[in-house]
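[1] all I have is the shape, not the residue letters:
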């Protein structure tokens, strides 16, 4: 079976078949308050209600309970309308974001104004066969575009907030919502059609969203998904948007859009930022800006789809930067530019793109499988200046280029989530193994069963003990440290999930574990502004604890007394959402094999996926360093004898790899450095380094390079491809560089 057919089969399987709805015994007429009727149904142990035909006016947001279905008699004759002139807000707090996509958190936002939502997270909720009316009039939407768009400075506490209806939505899914189905639903005259934050397993089937937006807030959309996962949209129709985006996805994964139409958006028809999506048999048309805009997307697959009639100068059908995009068996034509791709891994297979107002394809990196009708033409006069980062690329969207929400946030850990497995159990297992090792004189294993272990405090590793999970990904240690504990442990510079003490630091192993810290989405966003440049050296204890400076995943250190650690190994370990993924100091003999460090950092450039200093004999193989707010991998000062083999360093906000301040004897083979925001590799005060059989690509900033040498000596590059970087190889204050079969193709002249 061909790859394309397999992809299509997966799409078909992913679309859940929806059974016909049984007629509920609870029936609600238009003369009965809907909220009261649902409350009565729940008290009578009923799990569904039928809305009878008519106009059901809501004085406030209708809050559905979990494990409940609300079914209308038909969206043509059953209407739920929010009466915003009478509405008393539900008291729920929205998770908010301003024009520059700065996350404001629940405490800084206005109250909820949606037609339908849930009191807490929606779970196993169905809404079907009904029309939702947000209560906004066409005249009001038109006037709001001018009066609210820029006039209030987006201060959500101002009196004008209510009049602008920034948080008016047809459906709002609060954080933690899961298993939600909207079927046969029409949403109209709302600022946002469907708005979801940190939701999973949501399906929109046969949903129409029309005449949404109109208040000038550029993050409005018919569908807006923030940090969501496993979202399926089938037979979705989005049309007649008023000053908004069509579909807007930020930090969301496993998105599927099938058999759908999105047209006529004043902004982009579809925009993805730090997200992944599959789109099949879908039409994007007649948008004022881009049909499909993609920024920092890990995977976008478009099959059997049409993207047409996006005619604004400098934009196009597909606008992509720093992404992986594959388009198969599709038509992209009659746009200003059919495709604009910068620092993008772009594949076009059986794609028709032979007619554009300017040029079919502008690409600054090689395109795979492009046919003659859409061959790259980056040297065309039409292309010059039209790559996204050289153009303003719609300034309101370029603000979103950085990670704003982690791909998937675990629910906040409260006492209701705590299982019987805690750090005490893990510590007991390790201590028992250490006692056995001391008695036998042999290395011993602490074997953890599959499950989730909640760390209320630091777990201390012991010499001659390997902590081993059941199988990769099934044994998880999650931070559940209280604020009081974090304040205390910050004073001793160690709030790590796993660490060493001053008596037991030799021959330690970690195998088959998944570590998750406490740097949630809310904390990371707050840290970007309130902690960004406040360093621990001059921060108060309270600020240090709040900013998460010492909330490491793993800390191996020679601090205090007890000698230097030695022989530390990690195999098949994943570490995420920590202040620092792993911090290793004064250690010799470190091995990483099959390690995945991602989404670590505290919102500034000083905390990384991995940071080594005063370390020797480091071996890293088959490992990934990705999506850190700092460097992917930082080595230095005082590092010697490093071997990196088959390592990927991607999408980090500072350097991919930073080496400096006395680093020597480094060998890199088969490394892939891509889409980091600054330099791919930064070398300062480095001696004796080789990079062999490697690819360094997509560091797209015009101010940075794929490989920058500043005070480096005895550097050898052999079989190295540098492509799609702002600058390729930059050499300053360094010795001669030995180059053998090096290809350097920067996009910036």
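    Nice, thanks for sending it over. Please read these numbers as outputs of a predicted model, since none were measured by experiment.
[2] just give me the neighbour total for residue 613.
    18 (other Cβ atoms under 10 Å). To be clear about C-beta, it is placed using only N, CA and C from the backbone, and glycine gets the same treatment.
[3] so what's it bridging to?
    Residue 613 forms beta bridges with residue 585, as assigned by DSSP bridges.
[4] that one reaches residue 639, doesn't it?
    Yes - when contacts are counted by Cβ atoms under 8 Å, residue 613 is listed as touching residue 639 (7.1 Å).
[5] next, residue 176: phi, psi?
    When read as degrees, to the nearest 10, the backbone of residue 176 gives phi 90, psi 0.
[6] show me the contacts for it.
    120-121, 198-199, 411 (Cβ atoms under 8 Å, 6 or more residues apart in numbering).
[7] ok, it to residue 227 distance?
    In this view, residue 176 and residue 227 are 11 Å apart by Cβ to Cβ, to the nearest Å.
[8] return every residue with contacts to both of these two.
    residue 198.
[9] OK, contacts around residue 277?
    Taking Cβ under 8 Å, 6+ apart, one finds 249, 255-257, 297, 299-301 in contact with residue 277.
[10] so in this protein, where's the weakest helix or strand by average pLDDT?
    helix 395-398 (a mean of 31; mean pLDDT, DSSP states H and E).
[11] tell me, how many residues neighbour residue 649?
    Residue 649, neighbours per other Cβ under 10 Å, totals 28.
[12] with residue 552 instead?
    29.
[13] just residue 517 next, same as before
    27.
[14] thought it was touching residue 582?
    No - Residue 517 lies out of contact with residue 582 (Cβ under 8 Å); the separation is 11.1 Å.
[15] which residues do those two both contact?
    The contact lists of residue 517 and residue 582 share 552-553, 575, where a contact means Cβ under 8 Å, 6+ apart.
[16] among the residues you listed, name the ones in helices.
    Using DSSP state H, no member of the shared contacts of residue 517 and residue 582 falls in helices.
[17] what is the nearest of these to residue 305?
    Closest approach between those and residue 305, by Cβ to Cβ: residue 575, at 37.4 Å.
[18] dump the residue contacts of that closest one.
    Residue 575 touches 514-517, 553-554, 581-582, 595-598, 600, 609, counting by Cβ under 8 Å, 6+ apart.
[19] tell me the one of these nearest residue 693?
    Nearest member of these to residue 693, counting by Cβ to Cβ, is residue 595, at 20.8 Å.
[20] state the helix or strand in which the closest residue to that closest one other than its chain neighbours lies.
    In this structure, residue 595 finds its nearest non-sequential neighbour in residue 623, 4.4 Å apart by Cβ to Cβ, 6 or more residues apart in numbering. Residue 623 is part of strand 615-626, with elements assigned from DSSP states H and E.
[21] that strand: partners in the sheet, and parallel or antiparallel?
    Here, using DSSP bridges, strand 615-626 pairs with strand 588-593 (parallel), strand 596-598 (parallel), strand 639-650 (parallel).
[22] quick one: the first one to chain centroid distance?
    Translated: strand 588-593. With Cα atoms, centre = their mean, to the nearest Å as the basis, strand 588-593 stands 29 Å off its chain's centre.
[23] what mean pLDDT does that strand have?
    The average pLDDT for strand 588-593 rounds to 96.
[24] neighbouring contacts of that strand?
    Residues contacting strand 588-593 (Cβ under 8 Å, 6+ apart): 556, 564-572, 584, 612, 615-623.
[25] narrow these to those that are buried.
    Neighbour-count burial (16 or more other Cβ atoms under 10 Å) is assigned, among those, to 556, 565-572, 584, 612, 615-623.
[26] quick revisit: kindly compare burial across the strands paired with strand 615-626 and name the winner.
    When you average the neighbours per residue for each of those (mean count of other Cβ atoms under 10 Å), strand 596-598 leads with a mean of 24.
[27] in stretch 346-362, what's buried?
    346-349, 351-353, 356, 358-362.
[28] quick check, nearest of those residues to residue 660?
    Distances from residue 660 to the buried residues of stretch 346-362, taken by Cβ to Cβ, are shortest for residue 346, at 33.9 Å.
[29] and that closest one, what does it touch?
    Taking Cβ under 8 Å, 6+ apart as the test, what residue 346 contacts is 320, 325-326, 339, 363, 365, 367-368.
[30] okay, now the sheet partners of the helix or strand where it lies, with direction.
    Residue 346 belongs to strand 345-352 when elements are defined using DSSP H and E. Partner strands and pairing direction for strand 345-352 (DSSP bridges) are strand 324-333 (parallel), strand 367-368 (parallel).
[31] could you point out which element follows that strand?
    Taking DSSP H and E, what comes next after strand 345-352 is strand 356-363.
[32] which strands or helices does that next one pack on?
    Other helices and strands packing on strand 356-363, by 3 or more Cβ pairs under 8 Å, 6 or more residues apart in numbering; DSSP states H and E, are strand 335-342.
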